[in-house]
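Novice: turn this into a structure:
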Amino acid sequence: QEVKKLGFCQLRDWDEGRTYDERPSKHIHYSIDWSFKIHNRVQSKNTELDLVLVPASYWRLFLKPKLEQV
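Specialist: As a prediction, the model looks like this:
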C-alpha cells in the first residue's frame, strides 16, 4: 500500500468554490485565529476555518487585504 503525503493545496490547483472534504484527505486542513491590535485594543479579529490553500497565498489573497481595510 502506497503512503501519500499530505500537503497544502497550491494556488495553481486551488478552486475557491470547491469543498476539500475528500476521504482520505489529500490536503492539510488548518485554521487561522487572528486579531489586529493597536495599543492593546482589538481593532479587528476573525477565525478562518478549514483552509487548505498554502498559507503564504492565503495571506496575500485574503488576510492582507482585510488588514489593509482596518
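Novice: what about residue 65, how many residues nearby?
Specialist: 10 (other CB atoms under 10 Å). For every residue, glycine as well, the C-beta is placed using N, CA and C.
Novice: over to residue 12?
Specialist: Using other CB under 10 Å: residue 12 sits among 6 other residues.
Novice: before we move on, what about residue 52?
Specialist: Look at residue 52: counted by other CB under 10 Å, it has 22 neighbours.
Novice: now swap in residue 54 and tell me
Specialist: Residue 54 has 18 neighbours, counted by other CB under 10 Å.
Novice: begin at 47, not 1, for the rest of this chat.
Specialist: Shifting the count to begin at 47 puts that one at residue 100.
Novice: from residue 75, how far off is it?
Specialist: Computed as CB to CB, to the nearest Å, the residue 100 to residue 75 distance reads 13 Å.
Novice: what residues are up against the most centrally placed residue in the chain?
Specialist: Nearest to the geometric centre of the chain sits residue 97, at 4.0 Å (CA atoms, centre = their mean). Contact analysis of residue 97 by CB atoms under 8 Å, 6 or more residues apart in numbering lists 75, 76, 77, 78, 104.
Novice: distance to residue 92, secondary structure and neighbour count added to those, as TSV?
Specialist: Listed next are those as TSV, based on distance: CB to CB, whole Å; DSSP: H, G, I helix; E, B strand; the rest coil; neighbours: other CB atoms under 10 Å:
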residue	distance to residue 92	secondary structure	neighbour count
75	18	coil	14
76	15	strand	14
77	11	strand	9
78	8	strand	14
104	13	helix	20
